[in-house]
Each structure stands twice: as C-alpha cells, then as structure tokens.
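Participant: Predicted structure and sequence below. I'll ask about it afterward.
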Amino acid sequence: MIEPGARAPILRGDDGLCWRLGFVDESAAGGLNGRVRVRGRIVDVDRIEVEYVEVQNSA
C-alpha cells in the first residue's frame, strides 16, 4: 500500500515493512495511493529508488 509521507510516499508491504520511495526521473507520484506494484532497487534499508509503478486499484 502507498501512504503519504512527509518527505516522500511510503510503501508499506503486506508484511509490515515500510520503504520511502524516490523516483529515478524525479517525477512526483502525485495521487498514488492504494495497492501498487513497484519495480526498482533498494538503495537504503528504508528506501527504494523506483523505476516503475503499476497501480493495482485505487483506495
């Protein structure tokens, strides 16, 4: 699930782990919320550099 965060959107996995999302092309993921599929690389213990986001459904 995508949640709004103070510095960046937060991705919360089904297992409760959370990652801050940073987008490769610096484009803001405006309006993203609900279930998504994210492709990217983990660049820190709590941050993913996102290459691709697919919205599964809207919340």
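Facilitator: Done, it's in.

Participant: Under the pLDDT cut-off, which ranges of the protein? List them.
Facilitator: The model of the chain has pLDDT under 70 over residues 24-31, 58-59.

Participant: and if we set it to 90?
Facilitator: 1-17, 19-40, 42, 44-46, 48-59 (pLDDT under 90).

Participant: Which residue ranges of this structure form strands?
Facilitator: Along the chain, counting by DSSP state E, strands occupy 2-3, 10-12, 18-23, 36-44, 47-55.

Participant: May I see those arranged in TSV, with mean neighbour count as well?
Facilitator: In short, each C-beta sits where N, CA and C put it, glycine included. Formatted as TSV, the strands of the chain follow (neighbours: other C-beta atoms under 10 Å):
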stretch	mean neighbour count
strand 2-3	16
strand 10-12	17
strand 18-23	17
strand 36-44	13
strand 47-55	15
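
Participant: bridging residues for the closest residue to Gly40 other than its chain neighbours?
Facilitator: If you skip the residues right next to it in sequence, Gly40 has Val50 as its closest partner in space, 4.1 Å away by C-beta to C-beta, 6 or more residues apart in numbering. Beta-bridge pairing for Val50 (DSSP bridges): Phe23, Gly40.

Participant: Tell me the spacing between Val50 and Asp15.
Facilitator: Counting by C-beta to C-beta, to the nearest Å, the gap from Val50 to Asp15 is 19 Å.
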